Structure formats: C-alpha cells, structure tokens
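Visitor: sequence unknown, structure follows:
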C-alpha cells in the first residue's frame, strides 16, 4: 500500500510539473510551482508514512499492555485468566490490574489510555463480540475479556488511522486541484520583459517615429 502511494505521488508530481508548471512562461513562477509541487508531495508522503509507523507502534504497545495486564491479574488473583465471571467483576479486576500510578507519555501513553478507555466501557454487551466462544451464560474468563479488549483497542487504532489517512488524501487531492488551476492561471500571464538597457535600447520603439 505504501509503495503504491509513493509511486502515485511521484507520478502526480511529475505530471503537475511537466503538463502544467512547465508551460508557465515566467521563469520565477515556473520554478516556484516546480518547488511547491515537489515539497507538498514530499510532505504528504512523510505524513502518510508516519501514520503507518504510529499504527504499528500503537499495536505493539497494545500487545505489551495486554501482556502486562495478564501478569498483573495473575499476581492479584492467581488463576483468574481461566475462571468464568461476570463482566462487572472482570471490569473491577482489570481496572485494579491496570497501574494508574505509572505515567506514560508519547505513543505508549496513547496506547495505555486506549486500553483504559476500553476497560472502563467494558460491559455485558461485549459478550456479543465473543459469541463464537463457549462459556456460561453472561460470563467469561479474564483471558476472553482481554482478547475482546485487545480487538476493540486495535480496531479503534485502525479506525483512527484510517480517518487520518483519508484526511491526508483529501488535502492532497485539493492541493492537486489548486496546483492545476493556479498553474493554468500563471500560464495566461505574459512574461514581463521590463525596461531594455544597453545596445538594444536604440533598437526599441519608444512611441515616437523620427521623420
């Protein structure tokens, strides 16, 4: 996916420069559009790649957070990973297991907050997500709950990144339209010749003809 986006951005940049910017007569304006098209495309690609990097790291931190929760649950309540209990008990146990005293920043902090949010919103409705698993009615184990919470957390990350990427594509598309229209408007401007000095000055018609 990333490779395809890079190839498309390169093709679009080349087209904007060759098909539209190259036809601008004024050299300064032409060079300005060349540079603008390249810079915006590079910025778009950098931001697109960053979103992929963020997603991968958030996924890793979610996995790490789930593993820490499993370890903490076993310390507080040995064997709880396999014991069937209702979602209210699970929620209380998981909230207790999630250490709020440790402040995390950056991507790890974001992943931790996502986990906290999913645990706080964890109710009996989440049982419907795990309908393929066999369990007592309205009960599930901590292990099952963590599987569900992990899936919900990863889905939240995927959805958020998807919206960001859509926003980037929309902005880039708007730039393409702007660059195309602006280049066409610059094509219509005549190149400013300015005042002619030197030897060519005698050859320039000023407005009065000698008789």
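Guide: Here it is on my side, so go on. Everything numeric here is computed off the predicted structure, so don't read it as measured data.
Visitor: worst mean pLDDT across the helices and strands of the chain, which element?
Guide: Taking mean pLDDT, DSSP states H and E as the measure, the helices and strands of the chain show their lowest mean at helix 87-97, namely a mean of 76.
Visitor: centre of the chain to the lengthiest helix in the chain, how far?
Guide: Counting residues, the longest helix in the chain under DSSP state H turns out to be helix 27-76. Averaging C-alpha coordinates over helix 27-76 and over its chain gives two centres that are 6 Å apart (C-alpha atoms, centre = their mean, to the nearest Å).
Visitor: that helix to helix 87-97, inter-axis angle?
Guide: 110 degrees (axes from the mean of the first three to the mean of the last three C-alpha atoms, to 10 degrees).
Visitor: tell me what helix 27-76 is packed against?
Guide: Using 3 or more C-beta pairs under 8 Å, 6 or more residues apart in numbering; DSSP states H and E as the contact definition, the elements that helix 27-76 packs against are helix 2-15, helix 87-97, helix 106-120, helix 142-187. Backbone N, C-alpha and C define where each C-beta goes, glycine included.
Visitor: nearest to residue 36, out of those?
Guide: Shortest distance between residue 36 and those, using C-beta to C-beta, is found for helix 142-187: 7.0 Å.
Visitor: quick check: angle from that closest one to helix 87-97?
Guide: 70 degrees.
Visitor: what's the average pLDDT for helix 142-187?
Guide: The average pLDDT for helix 142-187 rounds to 92.
Visitor: packing partners for it?
Guide: Applying 3+ C-beta pairs under 8 Å, 6+ apart, one finds that helix 142-187 contacts helix 27-76, helix 87-97, helix 106-120.
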